[in-house]
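Engineer: sequence first, predicted model second:
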Amino acid sequence: MVDPRKTSKTTRLGNWPVPLLCLLLAVQIMVTVGAGRTDDLSWFDPLIDVRAMVLEDHVGDPDQKLMQEAAINAMLETLDDPYTVWIPPRMEGDFNKQMRGSYVGIGAEIDLEHDRLRIVSPLAESPALEAGVRAGDVVLSIDGTDTLGLGTDECIELLMGEEGDPVEVVVRHTDGEVETLTIIRRRIETRSVRGMRRSGSGWDHMLDSDEGIAYIRLTQFTERSIDEMRETLAELEAAGTRGLVLDLRFNGGGTLDGAIDVADLFLDRGVIVSVRDRDGGGRSWTADDDTDDRDWPMVVLVNDGSASASEIVSGALQSMGRAKVLGERTFGKGSVQEVRMLPDDHGILKMTTARYYLPDGRNLDRHSEAEVWGVDPDPGFLIDLDPADYTKLVEKRRMFEPIGGTGEDAGEEPRFDDAAWIRDALEDPQLAAALTALRTRLDGEEWPRVGGDPSIDIIREGELKAQRDYRDRLAEELATVERKIRDLETGETPESDAEAETGSEP
């Protein structure tokens, strides 16, 4: 008979080595991992110590939330990368509005005039339009808050809110009538594709119907831009379009996917853009030969406000010989940002993870040592404008943008098919040159010279003039501040300020 005590003892010895080995292995793993993480965790030691000392003994009452935000922002500032930023939770709404082209509000384009909020135009199918808001209305108050002296951001914060919530605004119409309107906030889908002037609540995209020359202004690249472009291009094709002006001036960019999709609408082959990370790895995107590709002759308008996604599109179309680029050198932003959500609703990190390169292999980034950056106009298509010139053309263009507007302030019947009228009345020589160039090309001739040739000297000369203009504006601001200081020291009321206050009374 087998001794049960021996059997039991032997069994115990036979089973214990397995869990014992697992335990030893787990300890070894923890030691190894712990050794690898020691440096990472110790990095936070001084931050933790300083925070603890400040919270315990500082004479003031520290704001822990501000301390946290300052620590994160200071860490990112060391990267010397203005495009890597942390978006705190309170600003996520504005960020999503820019990225997705949607927000909850009343649906209106606004600006400031005489220290009051002014409605440039209610948006199509918006609650503002339905409630009776009109182009040119001056907003006197928002939910009882006087708008006098409020900035644009402050007014926007008052107008935005939760979907379905009402907001009461008091407006003064252009005929002088003051009216109180209740607007029910809802989600607004903003359009990034615009035309030359309003047609009802939509847009008229034709410059010259007889010649079939159309115009599209793309204000930014959002998640909805590609659908809007496809819809608009289908309408233009049905209208007999033969040539297109694509206006990317002041388009600061948007999503990489949006830029690739838009460029692919006009390309049937070739690399659109490629990206590389810091290790040299990456990928490229190639155009597809789709049935809805448009092969119309094109002119792309750009300026120094055209950046990022705008530069991808204009650079790709130029490199592949699909379009002439007209205007001036673009901004020069050749980096790709990824949007990453932080855990536990701690905000969003928008971080530069790669740089992008045009089909010719060139990166567009502008830095202190660079003499070449961005996308240059084609030879014979350089038309450089001053900031004051752009201000004028934007003001002129706005006369035809409000819903229900007629452009009567232009002083005459608009003639968008007349290059001379566009140049003189709209004060837009770049658009006038684009129309002239397309007409010549559609007549079967070679592209004409409608401007100068880009060169390092010309670009430098334009940069020098822009910096001098900026210096002069700063000098004017400084002179104004000095005058106000002098008036305050002498106890006098500045005459210009008194007139401004009197002129802005409701």
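Structural biologist: It's in.
Engineer: who is residue 194 paired with across the strands?
Structural biologist: On DSSP bridges, the residues paired with residue 194 through beta bridges are residue 217.
Engineer: okay, now it: neighbour count?
Structural biologist: Residues contacting residue 194 under the criterion other Cβ atoms under 10 Å number 20. Placement of C-beta: from N, CA and C, glycine included.
Engineer: surely it touches residue 225?
Structural biologist: No - with contact defined as Cβ atoms under 8 Å, residue 194 and residue 225 do not form a contacting pair (11.4 Å).
Engineer: can you check which residues contact both of these two?
Structural biologist: Among the neighbours of residue 194, those also in contact with residue 225 (Cβ atoms under 8 Å, 6 or more residues apart in numbering) are residue 218.
Engineer: for residue 138, list each beta-bridge partner.
Structural biologist: When assigned by DSSP bridges, residue 138 has beta-bridge partners residue 118, residue 172.
Engineer: would you list every one of the strands in the stretch 201-350 of the chain?
Structural biologist: In the stretch 201-350 of the chain, strands defined by DSSP state E, counting those that start in this stretch lie at 202-204, 206-208, 213-218, 243-247, 271-276, 282-286, 298-302, 323-327, 335-341, 348-357, listed in chain order.
Engineer: would you turn those strands into TSV with mean neighbour count, distance to residue 429 and mean pLDDT?
Structural biologist: Output for those, formatted as TSV (neighbours: other Cβ atoms under 10 Å; distance: least, Cβ to Cβ, whole Å; pLDDT from 0 to 100):
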stretch	mean neighbour count	distance to residue 429	mean pLDDT
strand 202-204	17	22	91
strand 206-208	22	15	96
strand 213-218	25	15	97
strand 243-247	24	14	98
strand 271-276	20	30	94
strand 282-286	14	34	92
strand 298-302	28	11	98
strand 323-327	25	10	98
strand 335-341	15	32	89
strand 348-357	18	31	91
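Engineer: right, so of those, which gets closest to residue 444?
Structural biologist: Distances from residue 444 to each of the strands of the stretch 201-350 of the chain were compared by Cβ to Cβ, and the smallest falls on strand 243-247, at 12.4 Å.
Engineer: can you list the strands that that closest one pairs with?
Structural biologist: Sheet partners assigned to strand 243-247 using DSSP bridges are listed as strand 213-218 (parallel), strand 298-302 (parallel).
Engineer: which of the ones you listed sits closest to residue 236?
Structural biologist: Using Cβ to Cβ as the measure, strand 213-218 is the one of the strands paired with strand 243-247 that comes nearest residue 236, at 4.8 Å.
Engineer: how about residues contacting the closest one?
Structural biologist: By Cβ under 8 Å, 6+ apart, the residues outside strand 213-218 that reach it are 192-196, 205-207, 225, 229, 232, 236, 239, 241-249, 251, 262, 310, 416-417, 431, 435, 438-439, 442.
Engineer: tell me which helix or strand residue 464 sits in.
Structural biologist: Here residue 464 sits within helix 456-490, counting by DSSP states H and E.
Engineer: distance of the spatially closest residue to residue 249 that is not a sequence neighbour from residue 252?
Structural biologist: Beyond its immediate neighbours in the sequence, the residue positioned closest to residue 249 (Cβ to Cβ, 6 or more residues apart in numbering) is residue 303, lying 4.6 Å away. As defined by Cβ to Cβ, to the nearest Å, residue 303 lies at a distance of 11 Å from residue 252.
Engineer: could you do residue 447 as well?
Structural biologist: Residue 447 sits at a distance of 28 Å from residue 252 (criterion: Cβ to Cβ).
Engineer: can you confirm residue 441 is in a helix?
Structural biologist: Yes - with the criterion set as DSSP: H, G, I helix; E, B strand; the rest coil, the secondary structure at residue 441 is a helix.
Engineer: would you confirm that it contacts residue 435?
Structural biologist: No - at 11.0 Å, residue 441 and residue 435 do not qualify as touching, with contact defined as Cβ under 8 Å.
Engineer: what about those two, which has more around it?
Structural biologist: residue 435 (26 against 18).
Engineer: so the more buried one is in which element?
Structural biologist: Assigned by DSSP H and E, residue 435 belongs to helix 429-442.
Engineer: list the buried residues for that helix?
Structural biologist: Applying a neighbour-count criterion of 16 or more other Cβ atoms under 10 Å, one finds 429-439, 441-442 buried in helix 429-442.
Engineer: do the same with stretch 173-183
Structural biologist: The neighbour-count criterion (16+ other Cβ under 10 Å) identifies 173, 181, 183 as the buried residues of stretch 173-183.
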